[in-house]
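Participant: Got a predicted model here, sequence first, then my questions.
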Amino acid sequence: MTVSLAGLDAVVAESGFSGVVTVDVGEQRVLEHASGWAHRAHRVPTTPATAFGTASGAKGFTALTVTGLVEAGVLALDQPVRAVLGDDLPLVDDAVTIEHLLAHTSGIGDYLDEDDDVDLDDHLMTAPTHTLTTSEAYLPMLEGLPQKFAPGERFSYCNSGYVVLAIVVERVTGEAFPDVVRRLVLDPAEMRDSGYHRMDELPAGVATGYLHATGDRVNTLHLPVWGSGDGGAFTTATDLHRFWRALFAGRIVSPSSVELVVGHRTEVPGSAWGYGLGFWRHPSQDAVALMGSDAGVSFRTTHVPGSALTATVLGNTTRGAWPVVRLVSEALPSWVAQTG
């Protein structure tokens, strides 16, 4: 099977897209495109092997980490978060559970509230970014945010909720959050080129994030120096296909837990996608996705389990990937039909 993406060259030229587009079916890569610069000032080109930031796409890794701890009996989905938080974050309703946080139905206040009209290129962190080296270090940013609604009342996307989950993970395991994600998710999926890197110490092979389509303004001062439960993982297109294959093969969590996290459970206002626990699910297609947008990051990976097809768009600018994502979304049904 081979596939094409009509209009890709024109969209890349018009938008200045810098990143990687791939489609994998089973063990075969059927489409691969790389453009732009992984590092502009040093003229390092992107390649299909370049790792990119994933922003909120990493919430899926967080959800699976928590789910793995649930399977191990360390946590429970219906467990009140207060039991782990103790006296911290007193404005979090005592009825908020682990599952509420995973499903974005907790109603807790958000340090980066996407219900507001925010410009991702602004300096949105309310704490010095260099101090955010652990999930516990986020606590001052989460303080003083009032509950928005009663737990379980409705869906409201909440970054704070996933930071709280990372704090819970660190407290119940005694390990740094990125280390637990590696142990429970990345290693079982054989994601050898993925991980959580310091923003001011990116290794070779990892793309620098840029705020604009041109110029050398990077995103280092716009994001936490080290990621937490709501974002911060870096990965490659190849590793993402490995991830999806491992997930649906039951190598990360059990098949019943897979269905729990990827299952469509909540309608999302204004979106064609619904939400599970850390994952987006298309209500009319057999498609599951992770996606994220942040300063210097635009990303979506979509997997169709029945076809073993993964379509991934990784970009290192704030908005550059979205025109390409739209093209991929339009082509996806025809690609799936070809696999049948």
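Facilitator: Yep, that arrived.
Participant: mind checking which helix or strand of this protein has the lowest mean pLDDT?
Facilitator: Sorting the helices and strands of the chain by mean pLDDT, DSSP states H and E puts strand 266-267 at the bottom, at a mean of 89.
Participant: going on from that one, what's the next piece of helix or strand?
Facilitator: Heading C-terminal from strand 266-267, the first helix or strand you meet, by DSSP states H and E, is strand 274-275.
Participant: What strands flank the very next helix or strand once past that following strand, and is each parallel or antiparallel?
Facilitator: Per DSSP H and E, the first helix or strand lying C-terminal to strand 274-275 is strand 280-281. Using DSSP bridges, the neighbouring strands of strand 280-281 in the sheet come out as strand 274-275 (antiparallel), strand 288-294 (antiparallel).
Participant: Quick check: which of the ones you listed is nearest to Arg183?
Facilitator: Closest to Arg183 of the strands paired with strand 280-281 is strand 288-294 (CB to CB; 19.7 Å). C-betas here are computed from N, CA, C, even on glycine.
Participant: For the chain, which residue occupies the most central location?
Facilitator: Gly57 (1.1 Å; CA atoms, centre = their mean).
Participant: thinking again about what came up before, please state the offset of the least confident helix or strand of the chain from the chain centre?
Facilitator: 18 Å (CA atoms, centre = their mean, to the nearest Å).
Participant: Each with direction, which strands does it pair with?
Facilitator: Here, using DSSP bridges, strand 266-267 pairs with strand 274-275 (antiparallel).
Participant: mean confidence for the partner strand?
Facilitator: Across strand 274-275, pLDDT averages out at 96.
Participant: quick one: the helix or strand harbouring Ser257 to strand 288-294, angle?
Facilitator: For Ser257, the host element (DSSP H and E) is helix 255-262. Between helix 255-262 and strand 288-294, the angle comes out at 40 degrees (axes from the mean of the first three to the mean of the last three CA atoms, to 10 degrees).
Participant: what comes up buried for helix 255-262?
Facilitator: 257-258, 260-262 (16 or more other CB atoms under 10 Å).
Participant: Repeat that for stretch 6-19.
Facilitator: Per 16+ other CB under 10 Å, stretch 6-19 contains these buried residues: 8, 11-12, 15-19.
Participant: and the spatially closest residue to Thr131 that is not a sequence neighbour, how many neighbours?
Facilitator: Distance criterion CB to CB, 6 or more residues apart in numbering; nearest residue to Thr131, sequence neighbours excluded, is Ala137 at 5.7 Å. For Ala137, the count of nearby residues is 17 (other CB atoms under 10 Å).
Participant: Check the secondary structure at Ala137 for me.
Facilitator: helix (DSSP: H, G, I helix; E, B strand; the rest coil).
Participant: hmm, back to that, not counting its own residues, what contacts the least confident helix or strand of the chain?
Facilitator: For strand 266-267, the surrounding residues in contact (CB atoms under 8 Å, 6 or more residues apart in numbering) are 103-105, 155, 274-276.
Participant: try 6 Å
Facilitator: Contacts to strand 266-267, defined as CB atoms under 6 Å, 6 or more residues apart in numbering, come from residues 155, 274-275.
Participant: ok so Leu101 is a helix residue?
Facilitator: Yes: counting by three-state DSSP, Leu101 is part of a helix.
Participant: Looks like it contacts Gly161 (just checking).
Facilitator: Yes: counting by CB atoms under 6 Å, Gly161 is a contact partner of Leu101 at 4.0 Å.
Participant: So which residues of the stretch 1-150 of the chain form helices?
Facilitator: 8-15, 59-71, 82-85, 98-103, 139-142 (DSSP state H, counting those that start in this stretch).
Participant: still on that earlier bit, make a markdown table from the buried residues of stretch 6-19 and add pLDDT and distance to Ala41 to it.
Facilitator: What follows is those, written out as a markdown table (pLDDT from 0 to 100; distance: CB to CB, whole Å):
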| residue | pLDDT | distance to Ala41 |
| --- | --- | --- |
| Leu8 | 95 | 26 |
| Val11 | 95 | 25 |
| Val12 | 94 | 21 |
| Ser15 | 91 | 21 |
| Gly16 | 92 | 16 |
| Phe17 | 96 | 19 |
| Ser18 | 97 | 13 |
| Gly19 | 98 | 18 |
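Participant: Name the spans of the stretch 101-250 of the chain whose pLDDT lies under the cut-off.
Facilitator: 115-117 (pLDDT under 70).
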